[in-house]
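Asker: no FASTA, just this:
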């Protein structure tokens, strides 16, 4: 397929590379031209503008937040103005339910198709083409987008023909991951202050009741205090919890734990954690307890 790809951050670069490796004709756009070099070396072309990246059958965006997506889509010469009728915009970004709803309506008004396809997985998973894709959109749009999902992911789960519900599922999943990070941090602070080795403790957890990737990955980062370089930066985690709470408020769903997580991220930001991985909230309980961080 002839595909435009916009957004070559740590996640997007791996996704675009796997589209090229799968044989798709890929044109990439990124504000920083240097980030395109590795994908170009694999065979992609570089677009000078967003509009130039929108000349194919599909354009996929992988951007940091609502503001970035709104700019790329709605600015003059953006995705909305540049896509031909019947072509598809796939948004793989973790964005608000409200923006996803707006994108769906805007594209439909121009005869374009819109698919929400946020993904689960860290940058190393994206590079390996092993992401989990959560898709929402019409049957025909999902069908036409499936070869691209197969190139970037291990599994695609179609949640709904309403794209914004895929974004709600993604936000709920990130809320659960952040909840695990906080609970792991608290448990490790407890045993660590008593003198128990955190790595040994984690080995016990992940070889018994909690033998799942989220505990292994984030427990390992917390135990080793390995928060840089950030695979998923703390401000993005803060953003996702804020968007989760916004969706919950609209649906009248109390989420007291999400409110706690919002404050944990704010605490991390207030103490200079902007460049750290979001798992760094897992070190806050030990600091609160006055425990040493090298156990």
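Answerer: Looks like it came in fine. It should be emphasised that the depicted structure is a prediction, and the values quoted were computed from it without experimental measurement.

Asker: middle-most residue in the protein, spatially?
Answerer: residue 94 (5.1 Å; CA atoms, centre = their mean).

Asker: give me every residue that touches that residue.
Answerer: Applying CB atoms under 8 Å, 6 or more residues apart in numbering to residue 94 gives the contacts 118, 167, 170-171, 174, 236, 239-240, 243. For glycine as for every other residue, the C-beta is placed from the backbone atoms N, C-alpha and C.

Asker: Remind me which helix or strand it belongs to.
Answerer: Residue 94 belongs to no helix or strand when assigned by DSSP states H and E.

Asker: Can you tell me how far it is from residue 121?
Answerer: With distances taken as CB to CB, to the nearest Å, residue 94 is found 12 Å from residue 121.

Asker: Check residue 60 too.
Answerer: Note on residue 60: its distance to residue 121, by CB to CB, is 15 Å.

Asker: Show me which of those two is the more surrounded one.
Answerer: The residue with more neighbours, out of residue 60 and residue 121, is residue 60; 27 against 23, by other CB atoms under 10 Å.

Asker: Tell me the pLDDT of the nearest residue to the more buried one once chain neighbours are set aside.
Answerer: In space, and not counting its chain neighbours, residue 60 is closest to residue 90: 4.4 Å by CB to CB, 6 or more residues apart in numbering. Looking at residue 90, its pLDDT reads 98.

Asker: Excluding covalently adjacent residues, which one is nearest to residue 114?
Answerer: Counting by CB to CB, 6+ apart, the residue nearest residue 114 is residue 107, at 4.0 Å.

Asker: Isn't the one you found up against residue 80?
Answerer: Yes: using CB atoms under 8 Å, residue 107 makes contact with residue 80 at a distance of 7.0 Å.

Asker: Which one's more surrounded, those two?
Answerer: residue 107 (23 against 19).

Asker: where does the protein have low pLDDT?
Answerer: 292-295 (pLDDT under 70).

Asker: Break it down into its domains, please.
Answerer: The chain is divided into the following domains under automatic domain parsing: 2-161, 168-288.

Asker: deepest of the ones you listed, which one?
Answerer: Mean neighbour count (mean count of other CB atoms under 10 Å) peaks for domain 2-161 among these, with a mean of 20.

Asker: what about it, how long is it end to end?
Answerer: 24 Å (CA to CA, to the nearest Å).

Asker: where's residue 230 relative to residue 173, distance?
Answerer: For residue 230, the distance to residue 173 - CB to CB - is 19 Å.

Asker: Could I get the contacting residues of the residue nearest to residue 60?
Answerer: 58-61, 115-117, 145, 148.

Asker: So which of the contacts of residue 94 sit within helices?
Answerer: 167, 170-171, 174, 236, 239-240, 243 (DSSP state H).

Asker: coming back round to it: just put the contacts of residue 94 in TSV and tack on distance to residue 262.
Answerer: Compiled in TSV, those are given as follows (distance: CB to CB, whole Å):
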residue	distance to residue 262
118	20
167	18
170	17
171	13
174	13
236	14
239	10
240	10
243	11
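
Asker: Determine how far stretch 238-254 lies from the middle of the whole chain.
Answerer: Here stretch 238-254 shows a centroid-to-chain-centroid distance of 17 Å under the convention CA atoms, centre = their mean, to the nearest Å.
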